[in-house]
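Peer 1: model the structure of this input:
(one chain, ligands or ions: 1)
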Amino acid sequence: MNQRVQLPLLNGQEATFECVYGRGCEGLCCQNGRPGLRDDELHRIREAIPKIVPMLRPAARKIVQRSGVVTRRTRDGLPLVPVQGGWCLFFNEGCVLHKLGVQEGDAYRYKPLQCALFPLLWDDQGRWYVRQKGYMNETWDELFCLNPQHSQRKAIDTLQTELAIAAKLNVDE
Ligand code: SF4
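Peer 2: Residues are numbered from 1 along each chain as shown. The predicted structure follows:
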């Protein structure tokens, strides 16, 4: 990324974060993940089902074949992806939607927005912040990478891709 993203963050000065996927973490943030899918995301994923299904865990494959990629549960009006065996339906040694996107030249083609933004979130006034243990009533205490002690690297440096996605969202919506 050539230009630094300047998205205001409530805790931008102090937040630290470093994703170590493939360097000791196999994608723990997909554990119990139930992302909500927007209409366009659901549509794109459904269109790609023939490519996605062979990449899934066998038990997850059965769920998709039996009942599709979302449940009847909703959050903020969005249907939720089911969990299988304690992991997001799309988890198989990492996020299958991410892997398929990478194969096709765009890591974010199929990845739900909620997952693409992680660990960025907004408060009830629409102000962005970095999820951190002990901050803003963060509930996912066990997730090591949300612990500010995990890394000394500034989140505003390591999360440039996520910040760019958030900034675009601010402009578009
Ligand atoms: S964001 Fe955290 S839990 Fe998810 S893959 Fe990276 S290090 Fe692992």
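
Peer 1: give me phi/psi at the residue sitting nearest the centre point of the chain?
Peer 2: Most central in the chain under CA atoms, centre = their mean is C115, positioned 1.3 Å from the mean C-alpha point. In terms of degrees, to the nearest 10, the main-chain angles of C115 are phi -80, psi -40.

Peer 1: who touches it in this structure?
Peer 2: 29-30, 33, 35, 95, 97-98 (CB atoms under 8 Å, 6 or more residues apart in numbering). Just so you know, the C-beta spots here come from the backbone N, C-alpha and C atoms, and that holds for glycine as well.

Peer 1: mind redoing it with 7 Å?
Peer 2: 35, 95 (CB atoms under 7 Å, 6 or more residues apart in numbering).

Peer 1: one more: G36?
Peer 2: With CB under 7 Å, 6+ apart, G36 has these contacts: 75-76, 78-80, 114.

Peer 1: name the nearest of those relative to the ligand.
Peer 2: Q114 (12.9 Å; CB to the nearest ligand atom).

Peer 1: hang on, the closest one in a strand?
Peer 2: No: secondary structure assignment places Q114 outside any strand; it is helix (DSSP: H, G, I helix; E, B strand; the rest coil).
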